[in-house]
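Trainee: Got a predicted structure here, sequence first:
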Amino acid sequence: MALKTRQQIRDEFAASGVPYSAWARQRGYSPNMVIAIVNDDDRNPRLKCLRGDAHNIAVELGLKRGQVFKGDAGDLRLAAVA
């Protein structure tokens, strides 16, 4: 699956008529965080979306590849470095 640009995501929301806030609440995210990520700059984003909810939002929107993690940090198993 190809990654999307923020403009493509804005266009999809506009075409579907779904508000950012409804999308965010349905998935348990802060509407303000979703809006900040979608409206950020593609070339030099202020929010890097490296971990936590920002990472999960970016993955679910299609801005980046990765896995959505919504568990306890104790459940996380990282690969051992050889």
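Mentor: All right, it came through fine. Since we're looking at a predicted model, the values are computed, not measured.

Trainee: pLDDT weak spots in this structure?
Mentor: Low-confidence segments of the chain, defined by pLDDT under 70: 73-82.

Trainee: Now do the helices in it.
Mentor: Using DSSP state H, the helices of the chain run over residues 6-16, 20-27, 31-38, 52-61.

Trainee: can I assume Ser21 is in contact with Pro31?
Mentor: Yes - if you go by Cβ atoms under 8 Å, Ser21 and Pro31 touch, sitting 3.8 Å apart. In short, each C-beta sits where N, CA and C put it, glycine included.

Trainee: For Gly71, list the residues it contacts.
Mentor: Not one residue lies near Gly71 by Cβ atoms under 8 Å, 6 or more residues apart in numbering.

Trainee: Next, it: phi, psi?
Mentor: phi -110, psi -170 (degrees, to the nearest 10).

Trainee: Return the distance of it relative to Gln26.
Mentor: 19 Å (Cβ to Cβ, to the nearest Å).

Trainee: Kindly report the same for Phe69.
Mentor: To Gln26, Phe69 is 18 Å away according to Cβ to Cβ.

Trainee: The two: which is more packed in?
Mentor: Phe69 (15 against 9; other Cβ atoms under 10 Å).

Trainee: from what I can see the more buried one touches Asn56, true?
Mentor: Yes - applying Cβ under 8 Å, one finds Phe69 in contact with Asn56, separated by 6.6 Å.

Trainee: quick one: buried residues of stretch 18-34?
Mentor: For stretch 18-34, a neighbour-count test (16 or more other Cβ atoms under 10 Å) marks Tyr20, Trp23, Ala24, Tyr29, Met33, Val34 as buried.
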